[in-house]
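**Q** I need the structure of the sequence given here:
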Amino acid sequence: MRGVDQRTGELFSYVDLEARVRRDHPLRAIRTIVNEALAALEGEFAPLYARIGRPSIPPEKLLRAMLLQAFYSVRSERQLMERLDYDLLFRWFVGLGIDDPAWDHSTFSKNRDRLLEGDIAAKFLAAVLAQPRVKRLLSTEHFSVDGTLIEAWASMKSFRRKDGSSDDPPSSGGGRNAEADFRGEKRSNETHASTTDPDARLYRKGAGKEAKLSFMGHALMENRSGLVVGACLTRADGHAERTAALALIEPHADRPRAITLGADKGYDAADFVNELRAMRVTPHVAQNTSGRRSAIDGRTTRHAGYGMSQRIRKRIEEAFGWMKTVAGQGKTRFRGVERVGFGFTFAAAAYNLVCLPRLLEPAS
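**A** Numbering: from 1, shown residues only. Just a heads-up that it's a prediction; the model follows:
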């Protein structure tokens, strides 16, 4: 028989969130890994909060909500709180009951900024990788490194002279966002800075590319499973990639047996290669022979492992692609190198969590 289109709600409803999420949902495996990592960080959370006062948003729920924002490409905290208010899947993952109110978006943002003080994003990334079943997936000998540009949350119109003199180009039309023509005007990081985000730098990735106000994100990938084992963010400049690569590989270097580091030709510099060799790291760097002599010679390229590193290192672009298109890191929503770096490193941890259920499945 035909059902009745009854639209009035029931006075009482008993909803079991655990029963509403199907048993094979991908978030179930992810939540188990996340909960273990958050339990390991219990000692890191306590110093960030006062012992008296009103209870804040629990950091565990805060981080779970931020993961959902990355997984589902939620553009803002306001939209995240709206989704958390009505989406049972979101409530189940975060740990909110069916009757618990969603937080105000401004309260959520203020509590999130508290986590910057303890470098929680990097520690969360490390806690995920330190779990025994995850650690078995990681290579301890072969790594790849690369950098990518993160567009700043600042307009080119905010890029003004540091000395305060006016250099406004002729504009057409009125209003607060009038069109402007910068053709023929010389602008550089030495003479100009963004008034919106002073940490952003004008930079272009290569010849023929447009210059944008950007930051530079760096990631270290292990070559066995393609997981990101280190991430950081710096101001954009020509030496940032090589400097960050040395900092990322250092904790894994100086071992009795040499390790390898794959990288593209942008890392082919004599100083960088010599620094790696001093750290007992074999530089599997792509040769740059366009009008110059490469710092990588036949001692390195003759081995089969060099060619293998050159093939596998390109997988790091998969991580960058996911982080920039899905996790919203293509154009950051934050300002300042610390806050942008927090978002970038946390997105790297989210990428690992997306990959881990597939990688752990054969072992389970």
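**Q** In terms of pLDDT, where does the residue nearest to residue 267 when sequence neighbours are not counted sit?
**A** Computed as Cβ to Cβ, 6 or more residues apart in numbering, the closest residue to residue 267 that is not its neighbour in sequence is residue 285, at 4.9 Å. Backbone N, C-alpha and C define where each C-beta goes, glycine included. According to the prediction, residue 285 has pLDDT 94.
**Q** And the one 5 residues further on, by the same measure?
**A** Predicted confidence (pLDDT) at residue 290: the value is 86.
**Q** Work out for me the element residue 358 sits within.
**A** helix 337-360 (DSSP states H and E).
**Q** Who are the packing partners of that helix?
**A** Packing partners of helix 337-360 (3 or more Cβ pairs under 8 Å, 6 or more residues apart in numbering; DSSP states H and E): helix 26-40, helix 59-71, helix 120-129, helix 132-135, strand 212-222, strand 228-235, helix 316-325.
**Q** Residue ranges in the protein under the pLDDT threshold?
**A** For the chain, the stretches with pLDDT under 70 are 1, 3-4, 6-13, 166-185, 362-364.
**Q** quick one on the thing from earlier: buried stuff in the helix holding residue 358?
**A** 337, 339-357, 359-360 (16 or more other Cβ atoms under 10 Å).
**Q** got it, and stretch 146-156?
**A** 146-150, 152-154.
**Q** Just give me the neighbour total for residue 139.
**A** Applying other Cβ atoms under 10 Å, we find 18 residues neighbouring residue 139.
**Q** Tell me how far it lies from residue 199.
**A** Per Cβ to Cβ, to the nearest Å, residue 139 is found 34 Å from residue 199.
**Q** rewinding a little: could I get the buried residues of stretch 146-156 as TSV with distance to residue 297?
**A** Output for the buried residues of stretch 146-156, formatted as TSV (distance: Cβ to Cβ, whole Å):
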residue	distance to residue 297
146	22
147	24
148	28
149	31
150	34
152	39
153	43
154	43
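**Q** Which single one of these is nearest to residue 209?
**A** The shortest approach to residue 209 among the buried residues of stretch 146-156 belongs to residue 149, at 9.2 Å (Cβ to Cβ).
**Q** Isn't that closest one up against residue 218?
**A** No - in this structure, residue 149 is not within contact of residue 218 by Cβ atoms under 8 Å, at 11.0 Å.
**Q** Excluding chain neighbours, give the residue nearest to residue 199 in space.
**A** Residue 199's closest residue in space is residue 337 (Cβ to Cβ, 6+ apart), at 4.4 Å.
**Q** Which strands and helices lie in contact with the helix or strand harbouring residue 282?
**A** Assigned by DSSP H and E, residue 282 falls within strand 281-285. Where contact means 3+ Cβ pairs under 8 Å, 6+ apart, strand 281-285 is packed against strand 259-263, helix 270-278, helix 298-301, helix 304-312.
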